[in-house]
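Engineer: coords below, sequence missing:
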Ligand code: BES
Ligand code: MN
Ligand code: ZN
């Protein structure tokens with residue numbers, strides 16, 4: 001037996017948003033507050049420049065500002081708050097995504113301020129509550145929005161809730177693997193559950209063994225850190241409109257195991273291999289404030305994947321919950337092993353739908369790049385709900401085929417299945433693997449390998465982990481209707 005050594009991990013807060021964002025406040029007022037550090041002034045590409053800016057179009061153009069979305073020009077004043085010209089594109093044409101991006105550009109430009117204020121642009125087609133929500137999502141700071149009306153207030157509050165969830169998911173994925181072990185995720189979930197009013201159950205290694213989660217235990221076999229399964233439950237106040245279950249891949253570090261990853265840059269981002277679980281945890285945290293009408297259960301499947309004398313080996317056979325036997329032909333195809341046990345637990349609860357999310361395959365990233373997640377589904381109505389939520393939050397997804405012709409790549413000589421197929425359709429065979437465990441329960445699978453991180457700041461995505469999926473899943477829950485089978 002290895003002796004477990006605990007390194008001191010004090011003096012560094014791995015999840016600052018847990019404390020920091022509790023203090024974020026959004027106010028909706030009639031005019032720009034005098035105590036703001038910076039005031040954003042929306043400026044379109046055409047039409048009049050708002051008088052409050054005190055500059056004409058020629059002066060703005062000379063400074064390289066023409067009102068495109070993403071532009072923000074600092075205009076210091078001798079007295080009063082810093083003014084910021086914020087590009088919003090063609091007059092009255094901005095949609096929610098453009099407003100979110102414009103707000104993000106403002107927040108970045110005014111990063112020194114802690115109290116930001118902005119008026120909402122006249123965004124023709126966008127309702128005030130949607131505009132206010134998008135603007136606050138893009139800023140994530142103490143903001144005051146100069147706009148009257150209860151709709152803007154409600155939208156701003158929604159934006160605050162969703163931005164907070166996005167920030168939490170980002171923090172979790174950025175947290176170092178030593179600071180955020182499987183136990184660490186469980187303790188964050190407990191804390192968040194208490195704050196938000198969710199039921200949280202944590203299953204330790206013994207409980208996981210009793211549940212016969214052979215996939216998760218196999219992935220964990222090489223580690224000195226015990227695994228955890230976390231179940232978070234949200235129940236609506238009134239009558240429930242349906243039951244949605246979310247399952248997240250929570251690999252706190254994926255070394256590849258015995259099939260160790262051969263390149264350092266890959267290792268460097270594998271602390272983010274729990275991004276799926278982070279997105280589920282963060283989405284769950286938002287449900288009470290959003291007043292979601294459905295019952296929502298979240299499963300976080302947490303462990304790391306390490307090589308050692310006790311690690312699972314190629315050729316080993318595991319038994320997933322429910323009895324399917326799996327021949328391991330690559331220890332680095334571990335996400336599906338951890339998720340499949342979660343899917344079986346989920347389906348046993350007889351929900352109306354199950355959605356899983358995780359950083360599953362490099363193949364999906366090769367297909368869709370770092371902007372777009374892959375989505376697979378065995379039910380088109382559910383797929384459409386996922387796409388609609390993704391469009392609302394500007395977390396892009398593209399549906400890929402669950403094509404049965406590749407299923408034979410998972411056939412094994414000695415067990416029911418192997419855990420890996422050929423390289424090229426790798427995203428599809430991962431999805432086909434998972435599909436085996438959901439039967440005819442409506443199910444969708446999000447492969448977020450690509451968009452889990454960005455290497456430079458860009459619109460509302462800040463360098464590092466993006467928190468992709470947290471807002472999407474919260475919006476999905478908020479709009480959820482049991483899909484017809
Ligand atoms: N966590 C990785 C996928 C990944 C790669 C996430 C890059 C984020 C960035 C996953 O567990 C993995 O190792 N997938 C393998 C699957 C293969 C062995 C079938 C892959 O994509 O190479
Ligand atoms: Mn892997
Ligand atoms: Zn992985």
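Structural biologist: That came through fine. Worth saying up front: this structure is predicted, and the values here are computed from it rather than measured. Ligands and ions are numbered 1, 2, ... in the order given.

Engineer: against residue 54, how distant is residue 312?
Structural biologist: 67 Å (CB to CB, to the nearest Å). In short, each C-beta sits where N, CA and C put it, glycine included.

Engineer: these two: who's more crowded?
Structural biologist: Shown here are residue 312 and residue 54; by other CB atoms under 10 Å, residue 312 has more neighbours (22 against 12).

Engineer: and the closest residue to ligand 2 within the stretch 201-350 of the chain, how many neighbours?
Structural biologist: Closest residue of the stretch 201-350 of the chain to ligand 2, CB to the ion: residue 332 (3.8 Å). Close neighbours of residue 332, defined as other CB under 10 Å, add up to 18.

Engineer: tell me the secondary structure at the closest residue to it other than its chain neighbours.
Structural biologist: Excluding its sequence neighbours, the residue lying closest to residue 332 (CB to CB, 6 or more residues apart in numbering) is residue 256, at 4.0 Å. What DSSP: H, G, I helix; E, B strand; the rest coil gives for residue 256 is coil.

Engineer: surely residue 256 and residue 305 touch.
Structural biologist: Yes - with contact defined as CB atoms under 8 Å, residue 256 counts as touching residue 305 (6.8 Å).

Engineer: for residue 165, give me its contacts.
Structural biologist: 282, 283, 285, 286, 467, 470, 471, 474 (CB atoms under 8 Å, 6 or more residues apart in numbering).

Engineer: so the fourth one sits against residue 163, correct?
Structural biologist: No - taking contacts as CB under 8 Å, residue 286 lies outside contact range of residue 163: 9.6 Å.

Engineer: what residues does this structure have near ligand 3?
Structural biologist: Residues of the chain lying near ligand 3 by CB under 5 Å from the ion: 251, 254, 273, 335.

Engineer: anything in contact with each of residue 256 and residue 305?
Structural biologist: Common contact partners of residue 256 and residue 305 (CB under 8 Å, 6+ apart): 331, 332.

Engineer: name the nearest residue to the residue of the chain found nearest ligand 1, ignoring sequence neighbours.
Structural biologist: Ligand 1 sits closest to residue 362 of the chain, with a gap of 3.3 Å, by CB to the nearest ligand atom. Computed as CB to CB, 6+ apart, the closest residue to residue 362 that is not its neighbour in sequence is residue 449, at 6.3 Å.

Engineer: got a list of what whatever residue of the stretch 351-485 of the chain ends up closest to ligand 3 touches?
Structural biologist: Taking CB to the ion, ligand 3 has its nearest neighbour within the stretch 351-485 of the chain at residue 359, 5.9 Å off. By CB under 8 Å, 6+ apart, the contact list for residue 359 reads 249, 251, 272, 273, 275, 276, 335, 447, 448, 449, 452.

Engineer: give me the subset of those lying in helices.
Structural biologist: In helices, defined here by DSSP state H, the members of the contacts of residue 359 are 275, 276, 335.

Engineer: need the residues you listed in TSV (columns: neighbour count).
Structural biologist: TSV is the format used below for the ones in helices among the contacts of residue 359 (neighbours: other CB atoms under 10 Å):
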residue	neighbour count
275	33
276	35
335	29
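
Engineer: for those, which one is nearest residue 17?
Structural biologist: Minimum distance to residue 17 across those is 15.0 Å, recorded for residue 275 (CB to CB).

Engineer: what distance do you get for the closest one to residue 395?
Structural biologist: Distance of residue 275 to residue 395, computed by CB to CB: 12 Å.

Engineer: same check, this time on residue 287
Structural biologist: 17 Å.

Engineer: please apply the same query to residue 130.
Structural biologist: The gap separating residue 130 from residue 395 is 16 Å, by CB to CB.

Engineer: more neighbours, the two?
Structural biologist: Legend: neighbour count by other CB under 10 Å for residue 130 and residue 395, higher for residue 395 (27 against 20).

Engineer: which non-adjacent residue is nearest the more buried one?
Structural biologist: Setting aside the residues directly before and after it, residue 395 is nearest to residue 472 in space (CB to CB, 6+ apart), at 4.5 Å.

Engineer: now for that neighbour: which residues touch it?
Structural biologist: 279, 283, 386, 389, 390, 393, 395, 397, 446.

Engineer: count of residues packed around the third one?
Structural biologist: With neighbours defined by other CB under 10 Å, the count for residue 386 comes to 25.

Engineer: now do it, the pLDDT please.
Structural biologist: Note on residue 386: pLDDT of 99.

Engineer: for the second one, same thing?
Structural biologist: Reading off the confidence values, residue 283 has pLDDT 98.

Engineer: what does stretch 30-40 rub up against?
Structural biologist: Contacts for stretch 30-40 (CB under 8 Å, 6+ apart): 27, 52, 72, 80-84, 86, 103, 106, 110, 112-119, 144, 146, 148.

Engineer: and those, which are buried?
Structural biologist: Buried members of the contacts of stretch 30-40, scored by 16 or more other CB atoms under 10 Å, are 72, 81-84, 86, 103, 106, 110, 113, 115-119, 144, 146.

Engineer: in strands only, show me those.
Structural biologist: Judged by DSSP state E, strands contain the following of the buried ones among the contacts of stretch 30-40: 72, 82, 83, 84, 86, 115, 116, 117, 118, 119, 144, 146.

Engineer: each with direction, which strands does the lowest-mean-pLDDT helix or strand in the chain pair with?
Structural biologist: In the chain, the helix or strand scored least confidently by mean pLDDT, DSSP states H and E is strand 142-146, which has a mean of 72. Strand 142-146 has its sheet partners listed here by DSSP bridges as strand 26-29 (parallel), strand 115-119 (parallel).

Engineer: tell me the first helix or strand C-terminal of the longest one.
Structural biologist: Once strand 115-119 ends, the next helix or strand along the chain (criterion: DSSP states H and E) is helix 128-139.

Engineer: same check, this time on the first one
Structural biologist: On the C-terminal side of strand 26-29, the closest following helix or strand by DSSP H and E is strand 38-43.

Engineer: list the neighbouring strands of that next one plus their orientation.
Structural biologist: Neighbouring strands of strand 38-43 in its sheet, by DSSP bridges, are strand 82-87 (parallel), strand 115-119 (parallel).

Engineer: picking up where we left off before, which of the contacts of residue 472 has the most neighbours?
Structural biologist: Neighbour counts for those, by other CB under 10 Å, peak at residue 279, which reaches 37 neighbours.

Engineer: can I assume that residue sits in a helix?
Structural biologist: Yes - counting by three-state DSSP, residue 279 is located in a helix.

Engineer: isn't it up against residue 357?
Structural biologist: Yes - counting by CB under 8 Å, residue 279 touches residue 357, with 5.5 Å between them.

Engineer: who in the stretch 251-400 of the chain is up against ligand 2?
Structural biologist: For the stretch 251-400 of the chain, the residues in contact with ligand 2 (CB under 5 Å from the ion) are 254, 332, 334.

Engineer: any low-confidence regions in the stretch 51-200 of the chain?
Structural biologist: Applying pLDDT under 70 to the stretch 51-200 of the chain flags residues 123, 141-142, 148.

Engineer: give me the distance between the residue in it that ligand 2 sits nearest to and residue 302.
Structural biologist: Nearest residue of the stretch 51-200 of the chain to ligand 2, counting by CB to the ion: residue 177, 13.9 Å away. Using CB to CB, one obtains 12 Å as the distance from residue 177 to residue 302.
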